[in-house]
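Trainee: coords below, sequence missing:
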């Protein structure tokens, strides 16, 4: 069996698709509990007695953050649902490509929801100055760790350096 030019592995296209899908589902198992906990937290926030004291900005930010968490849940769970619906239809390569895109969108929405939650909590507790610093720190952290570092590495590998 020849080595695949991109992966360097001796595997058939079907074996590669199986491995890729298994790896992706393993990664989703890491992300999903986080989005589920955040979403659950956000669902109960309005029922707390202090929610009546939030500003209009905080109320709107809460709604946006709640919707981002719901969107992250939908996008991160979508590959599992699609896998179930397309089960035994011999369309795994399409599923791997689509699920990869859905996971990236879902993780982006999750990052945005987490940033929104940090901004909401810090604005409620500390005020504008701390909120700006905390929000900027978390945004830069996600941007660098989740996107800049892997994209830079991918570009370096793709260019052959």
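Mentor: Nice, I can see it. Since we're looking at a predicted model, the values are computed, not measured. Residues are numbered from 1 along each chain as shown.

Trainee: tell me the contacts of residue 114?
Mentor: The contact partners of residue 114, taken as C-beta atoms under 8 Å, 6 or more residues apart in numbering, are 34, 38, 138, 142. Quick note: C-beta positions are derived from backbone N, CA and C, even for glycine.

Trainee: cool, and residue 130?
Mentor: Contacts were defined as C-beta under 8 Å, 6+ apart; by that measure residue 130 touches residue 122.

Trainee: quick check: which element contains it?
Mentor: Following DSSP states H and E, one finds residue 130 within helix 128-142.

Trainee: after that helix comes which helix or strand?
Mentor: By DSSP H and E, the next helix or strand past helix 128-142 is helix 149-159.

Trainee: what separates that following helix from the chain centre, distance-wise?
Mentor: With C-alpha atoms, centre = their mean, to the nearest Å as the basis, the distance from the averaged C-alpha position of helix 149-159 to the chain average is 20 Å.

Trainee: in the helix holding residue 130, what counts as buried?
Mentor: Across helix 128-142, burial judged by 16 or more other C-beta atoms under 10 Å covers 131, 134, 135, 138, 139, 142.

Trainee: low-confidence ranges, this structure, go.
Mentor: Residues of the chain that meet the criterion pLDDT under 70 lie in 1-8, 161.

Trainee: need the contact partners of stretch 80-93.
Mentor: By C-beta under 8 Å, 6+ apart, the list of residues contacting stretch 80-93 from outside reads 13, 14, 17, 18, 21, 25, 28, 95, 98, 99.

Trainee: which ones are touching the second one?
Mentor: When you say that, I think you mean residue 14. Contacts for residue 14 (C-beta under 8 Å, 6+ apart) come out as residue 92.

Trainee: circling back: using CSV, lay out the contacts of residue 114 together with distance to residue 114.
Mentor: Formatted as CSV, those follow (distance: C-beta to C-beta, whole Å):
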residue, distance to residue 114
34, 8
38, 7
138, 7
142, 7
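
Trainee: let me know the closest of those to residue 103.
Mentor: Taking C-beta to C-beta as the measure, residue 103 lies nearest residue 34 of the contacts of residue 114, at 13.3 Å.

Trainee: next, count neighbours for the spatially closest residue to the closest one that is not a sequence neighbour.
Mentor: Nearest residue to residue 34 in three dimensions, chain neighbours excluded: residue 110, at 6.8 Å (C-beta to C-beta, 6 or more residues apart in numbering). Taking other C-beta atoms under 10 Å as the criterion, the count of residues near residue 110 is 25.
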